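Chemist: curious how this folds, go ahead:
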Amino acid sequence: MAGILAGIDGKYTIAAYYILGAIIFDMLDGTVAKLTKSVSEFGKQLDSLCDLVSFGAAPAVLIYTAYLAEERAVGSPVGHYGAIMAIIYVICGALRLARFNVYQAEVRDYFTGLPIPGAALTVASFVLFADYWQLHVAFWVLGPMTLGVAYLMVSTVHYPKDRMRSFILSPKNAIRLLFLCAVLLAVVHRALQFSAALILFPVALGYVAYGLIDRVVGWVTKRPAESFINVGNVSPSRAPQGNSTNS
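Modeler: You can find the predicted model right below:
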């Protein structure tokens, strides 16, 4: 809610940081629930509602108020289109969360569709990136990006989940992972000397692009893909009773 109110007040940078803070807490809530033995079906549903507000409504309000409402103020129809795109973003986020809770909570290897925190990270970091460079972001840039991440949330594109953890912990990848971490630390250290916006937006774009590249590689190599229908056959009664995270 704080991010929504900050966006309405025109404090776009603060609103973006509120969204980033919500992402951090979303990553921790499942762990805290397990440590405190407070895991429940009620907690899972409440977590999804919080995700819809923090990563669905707040980014949509930020998109509209930061860039598209300005066009509406001067009589341009772009503002009306921006309102429609913001609504589409929220609807796709709600569908993403509902699909995850009902059909995909037991799938451990991957997420089907872009997780809603990933979509929110893309939007929030984009606002910070544009603010740092003092860019006037035209609607023809922001609009396709908004619709793009909205579509990816309800798509069948796969994004890493436990598969990424297995890659990190695999002994055979230790040397490559160590080299990659050293390079990333150097880049992050250099970027943070100026602004976090310089690293967050490229990271978000990299994560979004990963699923698309993985899909293209699968098509080229004719790698068998898990059917969404098979994923959807998971019975709702078998869904875990814990809080859903990173959905």
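Chemist: and residue 1, how many neighbours?
Modeler: Using other C-beta atoms under 10 Å, residue 1 has 11 neighbouring residues. The way it works is simple: take the backbone N, C-alpha and C, and place the C-beta from them, glycine included.
Chemist: right, and it touches residue 61 too?
Modeler: No - Residue 1 lies out of contact with residue 61 (C-beta atoms under 8 Å); the separation is 10.4 Å.
Chemist: mind checking the SS state of the residue nearest to residue 223 when sequence neighbours are not counted?
Modeler: Nearest in space to residue 223, with sequence neighbours left out and distances taken as C-beta to C-beta, 6 or more residues apart in numbering, is residue 217 at 7.3 Å. Recorded secondary structure, residue 217: helix (DSSP: H, G, I helix; E, B strand; the rest coil).
Chemist: could you do residue 108 as well?
Modeler: For residue 108, the secondary-structure state derived from three-state DSSP is coil.
Chemist: I'd like the numbering to begin with 716 instead of 1 from here.
Modeler: Noted, 716 is the first residue going forward, which turns the last one into residue 823.
Chemist: now do it against residue 875, distance only.
Modeler: Residue 823 sits 11 Å away from residue 875, going by C-beta to C-beta, to the nearest Å.
Chemist: compare the two and say which is more crowded by neighbours.
Modeler: It is residue 875, of residue 823 and residue 875, that has more neighbours when counted by other C-beta under 10 Å, with 16 against 11.
Chemist: okay, and the beta partners of the more buried one?
Modeler: The partner list for residue 875 in beta bridges (DSSP bridges) reads residue 825.
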